[in-house]
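Participant: Requesting a structural model of the entry that follows:
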Amino acid sequence: QVQLVESGGGLVQAGGSLRLSCVASGRTFSRYGMGWFRQAPGKEREFVAVVSRSGDSTYYADSVKGRFTISRDNAKNTVYLQMNSLKPEDTAVYYCAADRGFHLVTMSYEYDYWGQGTQVTVSS
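Facilitator: Next up, the predicted model:
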């Protein structure tokens, strides 16, 4: 069992930056691929970014490529999402998730554990 706790959300103006963190419980963090998803009001949850177990490989949704960076620190059981050049359409609840598989995955049903989410609001 893995418990995930996100933090770092908040209110920011368009063009600003935020860094989200997600801390995992347990001693097996490095055995999971880690992803970030988001869900805006009235919309389905969508993939944002994923990082491999070692941190060497990443993959991004086209909508955030070049603006967001996912990284992880296995010694701290933490995955990060650095968000720059934020836009109002980035407003959503952001969730981190853990995947026991060996490949980078982008579908929410492929993830095994989820955090409770953190709200990000970008004002215009």
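
Participant: Quick check: which element contains the nearest residue to residue 92 once chain neighbours are set aside?
Facilitator: Among residues not flanking residue 92 along the chain, residue 38 sits closest, at 3.8 Å (CB to CB, 6 or more residues apart in numbering). For glycine as for every other residue, the C-beta is placed from the backbone atoms N, C-alpha and C. Residue 38 is part of strand 33-39, with elements assigned from DSSP states H and E.

Participant: What helix or strand is the residue nearest to residue 60 when sequence neighbours are not counted located in?
Facilitator: Closest residue to residue 60 apart from its sequence neighbours, by CB to CB, 6+ apart: residue 49 at 4.8 Å. According to DSSP H and E, residue 49 maps onto strand 46-51.

Participant: So what's the gap between that strand and the chain middle?
Facilitator: Its chain's C-alpha centre and that of strand 46-51 lie 6 Å apart, by CA atoms, centre = their mean, to the nearest Å.

Participant: That one: which residues count as buried?
Facilitator: Using 16 or more other CB atoms under 10 Å as the test for burial, strand 46-51 gives 47, 48, 49, 50, 51.

Participant: Ok, stretch 112-122 next?
Facilitator: 113, 114, 115, 117, 118, 120, 122.

Participant: What's the end-to-end length of it?
Facilitator: 29 Å (CA to CA, to the nearest Å).

Participant: which residues are contacting the strand holding residue 38?
Facilitator: The contact list for strand 33-39, computed with CB atoms under 8 Å, 6 or more residues apart in numbering, reads 20, 22, 24, 45-53, 70, 72, 79, 81, 90, 92-99, 101-106, 108, 111, 117, 120.
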